[in-house]
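1. no letters, just coordinates:
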């Protein structure tokens, strides 16, 4: 594999459901994503977008094919090793933020760092504070997440995704539950992360937003029908 490829999958097959009613969700999907690239994943509902993202993020295994990160195949790893790779290398931003409601913003951001176990408690608190400051929440470190607005909660989720300095950020409709102004500010943050070197793969149903990103991966019936530069992107 080309050493300049950050994340790739090859001939991915995935079936969902029970044997008698199973759905062929992904059909031979192959992708190569370069370091520092940003891709919109688009297509109709049920075409396999979220299934692909979960496989790329090592949350679900493929039924056939393989995923590689920085030229290392993941298929041979056990559950514990996969969880560690996921925590080290990948940041997730979902449409629903999945924060711990009774935890403060700072405590939520510290969760991935605690799982990785590399930093002292003081160092984790300091890094969480820096990340929250970077997303405009430096004055709300100790506020329980349930007392934050939807946009603020999504900003906490972005800071949490960055906790372990991931190589890849996977985002599933990160602006889907936000008003247009807040969604635009979240997209600006995502662009800044990409400009700083993160490889980003983002699912979106917003055609206008997708057209403003440099590349689009279009899925239809579980297959990649196009993977190309976006003409309208700046």
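-> Thanks, I have the structure now. All values derive from a computational prediction rather than experimental measurement. Numbering: from 1, shown residues only.
2. what about residue 21, how many neighbours?
-> 7 (other CB atoms under 10 Å). (Each C-beta comes from the backbone N, C-alpha and C, glycine too.)
3. where along the chain do the strands fall?
-> 7-16, 23-33, 38-42, 64-69, 72-73, 90-94, 168-172, 199-203, 215-220, 223-229 (DSSP state E).
4. buried ones in the fourth one?
-> By neighbour count, with 16 or more other CB atoms under 10 Å as the criterion, the buried positions of strand 64-69 are 65, 67, 68, 69.
5. what sits up against stretch 171-179?
-> For stretch 171-179, contacts defined as CB atoms under 8 Å, 6 or more residues apart in numbering pick out 49-50, 53, 92-96, 150-151, 154, 158, 182-183, 186-187, 190, 200-206, 209.
6. residues contacting residue 36?
-> 6, 194, 197, 198, 199.
7. on that earlier part again, for the strands of the chain, give me CSV that also has distance to residue 125 and mean pLDDT.
-> Formatted as CSV, those follow (distance: least, CB to CB, whole Å; pLDDT from 0 to 100):
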stretch, distance to residue 125, mean pLDDT
strand 7-16, 30, 95
strand 23-33, 33, 95
strand 38-42, 30, 94
strand 64-69, 29, 94
strand 72-73, 32, 90
strand 90-94, 19, 90
strand 168-172, 23, 93
strand 199-203, 27, 94
strand 215-220, 37, 94
strand 223-229, 41, 91
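8. turn these into JSON lines, including distance to residue 140.
-> Formatted as JSON lines, the strands of the chain follow (distance: least, CB to CB, whole Å):
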{"stretch": "strand 7-16", "distance to residue 140": "33"}
{"stretch": "strand 23-33", "distance to residue 140": "34"}
{"stretch": "strand 38-42", "distance to residue 140": "28"}
{"stretch": "strand 64-69", "distance to residue 140": "33"}
{"stretch": "strand 72-73", "distance to residue 140": "38"}
{"stretch": "strand 90-94", "distance to residue 140": "19"}
{"stretch": "strand 168-172", "distance to residue 140": "22"}
{"stretch": "strand 199-203", "distance to residue 140": "25"}
{"stretch": "strand 215-220", "distance to residue 140": "34"}
{"stretch": "strand 223-229", "distance to residue 140": "39"}
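9. so what's the residue count around residue 23?
-> Residues near residue 23, counting by other CB under 10 Å, number 13.
10. where's it relative to residue 60, distance?
-> Distance of residue 23 to residue 60, given as CB to CB, to the nearest Å: 14 Å.
11. before we move on, what about residue 133?
-> Residue 133 is 34 Å from residue 60, by CB to CB.
12. ok, and what's touching the longest helix anywhere in the chain?
-> The longest helix of the chain (DSSP state H) is helix 180-195. When contacts are defined by CB under 8 Å, 6+ apart, helix 180-195 is touched by residues 36-38, 93, 135, 150-151, 154-155, 158, 162, 169, 171, 174-175, 178, 200, 202, 209.
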